[in-house]
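Participant: Structure, please.
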Amino acid sequence: MPRVYPPLEGRQPNATISPSIVESIAGFTAGVVSTLVVHPFDVVKTRLQIEQNEKTRPGGSFRVMRTIAQEAAHDPSKSAARRVVQSFYRGLMPNMIGNSVSWGLYFMWYGTIKDQVRAARGGGRELRSSDYFLASGLSGILTAVITNPIWVIKTRMLSTGRNTPGAYRSIAHGARELYGTEGIKGFYRGLLPSLFGVSHGAVQFMAYENLKNRWARERKGGKAGLTNADFLLLSAVSKMFAGSITYPYQVVRARLQTYDAHTRYKGAWDVVRQVYRGEGLAGFYKGLGPNIVRVLPSTCVTFLVYENMKFYVPRLWDADEAVLEATE
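Facilitator: Numbers count the residues shown, from 1 in each chain. Here you go, the predicted model:
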């Protein structure tokens, strides 16, 4: 099994590239790869989350998949296979931009804040659970505020078929339509539940870091002895733990970001009341099945790419620097 070395903990003495840049590159790349892999599951999950007054029942994911495939049949100018693929990858660009930028910013701030906390504690000490929670929470808040407009457009594109009247044709078209109909405020719909959802990332990273530290203590060689399989397992366990606690906020956020949200809901608490009255507690867990299927591969791919990129980027950078110096 190829070895994945531990994340950069603090500034490396021989590094010629800023740790913040390494974090950003690693997070950005992880976001791109994971989005390409699991985007179709995101489409199905979003459709399930925004269903109005539809009782949760078995087979909902397959029903939505059939609906998406049927929508593809309305465009006879392309082959059937191409239409189906395009339908399941509708909204890919805003999703990819959102994920890559979000992960790039998130990991950059996460690493920087951890370094600051570690320095404040005198350096060299293993951070506590509260430190990881704080670093992850602050990183999530900063990322959510900056990227929320992308997620509004992404949610609306994923929630409708390409040929649905009023559907956004592209990111630029969506931005123009959103600004023209709802103004700047429209770009920040769902921000409140997104900020609440920061707790998801905080819980996940707290669990991930603690599991990784405990796992390393049991392994020969410590963190340097952890493998790809270890990181896949640890990321999956931490994601399931956090997801089981915080999933309902995603449903509330998705409802607030749909096309007619400004006429249907008065705010986040109004969504909570309507979902509970019309669909019961199960309504807050709509799309949980495809979400689990989606987030586990996504999380595993994200962390695996992230950990590997953090190891290889500084070394590739140093190798390029050495070649340039040799040719001068």
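
Participant: Which phi and psi values does residue 227 adopt?
Facilitator: Here is the backbone geometry of residue 227 (degrees, to the nearest 10): phi -110, psi 180.

Participant: Apologies, that question was intended for residue 220.
Facilitator: Main-chain torsions, residue 220, degrees, to the nearest 10: phi -70, psi 130.

Participant: What segments of the stretch 51-200 of the chain are helices?
Facilitator: With DSSP state H, counting those that start in this stretch applied, the stretch 51-200 of the chain shows helices at 60-72, 80-88, 92-120, 129-158, 171-182, 191-196, 198-218, listed in chain order.

Participant: With mean neighbour count, mean pLDDT and distance to residue 31 added, can I get those in TSV?
Facilitator: Bear in mind the C-beta positions are built from the backbone N, C-alpha and C, glycine included. Supplementary listing: those in TSV, determined by neighbours: other C-beta atoms under 10 Å; pLDDT from 0 to 100; distance: least, C-beta to C-beta, whole Å:
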stretch	mean neighbour count	mean pLDDT	distance to residue 31
helix 60-72	16	77	24
helix 80-88	15	79	19
helix 92-120	20	89	4
helix 129-158	21	90	11
helix 171-182	15	88	16
helix 191-196	20	82	17
helix 198-218	19	89	14
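
Participant: quick one, which of the ones you listed is nearest to residue 283?
Facilitator: Using C-beta to C-beta as the measure, helix 60-72 is the one of the helices of the stretch 51-200 of the chain that comes nearest residue 283, at 11.9 Å.

Participant: That closest one packs against which elements?
Facilitator: If contacts are counted by 3 or more C-beta pairs under 8 Å, 6 or more residues apart in numbering; DSSP states H and E, helix 60-72 sits against helix 19-49, helix 80-88, helix 288-327.

Participant: out of the ones you listed, which comes closest to residue 255?
Facilitator: helix 19-49 (7.1 Å).

Participant: which non-adjacent residue is nearest residue 197?
Facilitator: Closest residue in space to residue 197, ignoring its immediate chain neighbours: residue 249 at 4.5 Å, by C-beta to C-beta, 6 or more residues apart in numbering.

Participant: now, of the helices and strands packed on helix 60-72, which is deepest in the fold?
Facilitator: Among the helices and strands packed on helix 60-72, the stretch with the highest mean neighbour count (mean count of other C-beta atoms under 10 Å) is helix 19-49, at a mean of 22.

Participant: The helices of the stretch 51-200 of the chain: which one's closest to residue 317?
Facilitator: Ranking the helices of the stretch 51-200 of the chain by proximity to residue 317 (C-beta to C-beta) places helix 92-120 first, at 16.2 Å.
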